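Student: I would like the atomic coordinates for the input below:
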Amino acid sequence: MTKVEQYLLEMEMQDFLNTKRDEFAKKIMEDFNEEFKEYKEELEDSYIDVYVKTRLHLFI
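Tutor: Model prediction:
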């Protein structure tokens, strides 16, 4: 194998690894966004509950 062939093979392997890394990172971000969305909804609900209870307490 010549140096040029070796270099091209290394570049091809690096491109393959970068593609796999990007796919993996995209999957992780999608999973994180789903979990964060659920957490955010729960947090908003609890914030609304606390806000309403505080307001009701002030009126009573």
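Student: from here on, contacts and neighbour counts on C-alpha atoms
Tutor: Fine.
Student: Model confidence score at residue 59, please.
Tutor: We have a pLDDT of 66 for residue 59.
Student: swap in residue 35?
Tutor: Residue 35 carries a pLDDT value of 86.
Student: what do you get for the one 4 residues further on?
Tutor: pLDDT recorded at residue 39 is 86.
Student: What is the neighbour count of it?
Tutor: By other Cα atoms under 10 Å, 12 other residues sit near residue 39.
Student: Low-confidence regions, this protein specifically.
Tutor: 59-60 (pLDDT under 70).
Student: ranges for the helices of it?
Tutor: Under the criterion DSSP state H, helices of the chain are mapped to 3-59.
Student: center of this structure - which residue?
Tutor: The centroid of the chain falls nearest to residue 29 when counting by Cα atoms, centre = their mean (2.3 Å).
Student: ok, that residue to residue 37 distance?
Tutor: 12 Å (Cα to Cα, to the nearest Å).
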